[in-house]
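A.B. asks: what would the 3D arrangement of this be:
(one chain, ligands or ions: 2)
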Amino acid sequence: MRSFLILAVCVAAAVAIPLRSKRFGTPIEVEDACNPNLGNQTFADDPNDCGSFYICKHGWPVSMRCPGDSIWTPETERCEVPHNATNEACGFVAPTTESPDLGNLEGYPGPCSYECDDGGCVGLNQVCDGVANCEDGTDEPEEYIY
Ligand SMILES: *[C@@H]1O[C@H](CO)[C@@H](O)[C@H](O)[C@H]1NC(C)=O
Ligand SMILES: *[C@@H]1O[C@H](CO)[C@@H](O)[C@H](O)[C@H]1NC(C)=O
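C.D. replies: Ligands and ions are numbered 1, 2, ... in the order given. Next up, the predicted model:
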């Protein structure tokens, strides 16, 4: 009876080990990224979901979910709001804000509202202020005297 009990304990232990060493559903590249002898990373991207990531705890990936609609961003190792986020693992690129067209700012009140003759630009408040702000000096009247 006693030897049967010991056998039962041994069988239970043998069953328990594979359960610990196999995480269901974790992609193999995530296990490799966390493996201290391979990637040895602290965080791993989820290649299938931009809204989640893995924390490597003692070499084991633990799946984590980003709050709300935020996106895991490997570069900053944080969940970022969508317009600040980039995640190549699942093809997420933050929407870019278009830079202003500096060639079409006539009459536009802003830091680049006066066009210098050399193609540069300065603010209207820098024109005729006694200081040459354009590299060619064309924001000051002296330059227009023939
Ligand atoms: C994994 O990284 C840790 C912390 O950076 C370091 O201490 C350890 O030596 C690394 N392990 C291997 C196998 O390179
Ligand atoms: C998004 O990025 C900008 C520029 O880096 C930063 O000023 C802003 O705080 C960020 N927004 C959030 C919610 O992190």
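A.B. asks: where does residue 82 fall, phi/psi-wise?
C.D. replies: In terms of degrees, to the nearest 10, the main-chain angles of residue 82 are phi -50, psi -40.
A.B. asks: mind listing what it touches?
C.D. replies: By CB atoms under 8 Å, 6 or more residues apart in numbering, residue 82 lies in contact with 69-71, 94-95. Any C-beta I mention is one placed from the backbone N, CA and C, and that applies to glycine too.
A.B. asks: distance of the residue of the chain at minimum distance from ligand 1 from residue 86?
C.D. replies: Of the residues in the chain, the one nearest ligand 1 is residue 40, at a distance of 3.8 Å by CB to the nearest ligand atom. Going from residue 40 to residue 86 by CB to CB, to the nearest Å gives 23 Å.
A.B. asks: quick one: which of those two has more around it?
C.D. replies: Per other CB atoms under 10 Å, whichever of residue 40 and residue 86 has more neighbours is residue 86, with 15 against 12.
A.B. asks: up against ligand 1, what does this structure have?
C.D. replies: For the chain, the residues in contact with ligand 1 (CB under 6 Å from any ligand atom) are 36-37, 40.
A.B. asks: can you list those residues in TSV and add secondary structure and pLDDT?
C.D. replies: As requested, the residues of the chain next to ligand 1 are exported to TSV (DSSP: H, G, I helix; E, B strand; the rest coil; pLDDT from 0 to 100):
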residue	secondary structure	pLDDT
36	coil	96
37	coil	95
40	coil	96
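A.B. asks: show me this protein divided up by domain.
C.D. replies: 22-93, 109-146 (automatic domain parsing).
A.B. asks: so what would you say the end-to-end distance of stretch 128-139 is?
C.D. replies: The straight-line separation of the ends of stretch 128-139 (CA to CA, to the nearest Å) is 6 Å.
A.B. asks: hmm, I typed the wrong one, I wanted stretch 120-134.
C.D. replies: 7 Å.
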